[in-house]
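**Student:** Coordinates for the following, if possible.
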Amino acid sequence: QVQLVESGGGLVQAGGSLRLSCAASGRTFSRYNMGWFRQAPGKEREFVAIIRWSGGSTDYANSVKGRFTISRDNAKNTVDLQMNSLKPEDTAVYYCAAGGYSRMQNEYYYWGQGIQVTVSS
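**Tutor:** Next up, the predicted model:
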């Protein structure tokens, strides 16, 4: 069993940066690939980024590529999402998830409760 708790969200102006962190409980964290997803108001939840269990590979949605960076520290049981050059369209509730190395939400076993990110224009 893995429990996930996101932190670091908030309000930022367009062009600014935020760093989200996801803390995991459980000794099996390092076995899981970790993803970040987001859900904007009135929209479906969508894939943002993923990092393999080893940290050896990553994948990003086209909309965030070059602006967001996902990283993990298996010793600390954390996965972070550094978000730079934020745009108003990045406004959403962001979720971290643990599971398969996939952009598909149904490949993930565990989800955090989500955290709000708001980017003002």
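**Student:** which residues does the spatially most central residue of the chain contact?
**Tutor:** In the chain, the C-alpha nearest the mean C-alpha coordinate belongs to residue 36, at 2.6 Å (Cα atoms, centre = their mean). Contact criterion Cβ atoms under 8 Å, 6 or more residues apart in numbering gives 20, 22, 48-50, 70, 79, 81, 94-97 as the residues in contact with residue 36. (Glycine included, C-beta is placed from N, CA and C.)
**Student:** Tell me the one of these nearest residue 63?
**Tutor:** Of all the contacts of residue 36, residue 63 sits closest to residue 48, with 8.3 Å by Cβ to Cβ.
**Student:** Do a quick rundown of the strands in this structure.
**Tutor:** Chain-ordered strands for the chain, with DSSP state E as the definition, fall at 3-7, 10-13, 18-25, 33-39, 46-51, 58-60, 68-73, 78-83, 92-99, 108-111, 115-120.
**Student:** possible to save these as JSON lines with mean pLDDT?
**Tutor:** Shown next, in JSON lines, are these (pLDDT from 0 to 100):
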{"stretch": "strand 3-7", "mean pLDDT": "97"}
{"stretch": "strand 10-13", "mean pLDDT": "98"}
{"stretch": "strand 18-25", "mean pLDDT": "97"}
{"stretch": "strand 33-39", "mean pLDDT": "97"}
{"stretch": "strand 46-51", "mean pLDDT": "98"}
{"stretch": "strand 58-60", "mean pLDDT": "97"}
{"stretch": "strand 68-73", "mean pLDDT": "97"}
{"stretch": "strand 78-83", "mean pLDDT": "98"}
{"stretch": "strand 92-99", "mean pLDDT": "97"}
{"stretch": "strand 108-111", "mean pLDDT": "96"}
{"stretch": "strand 115-120", "mean pLDDT": "98"}
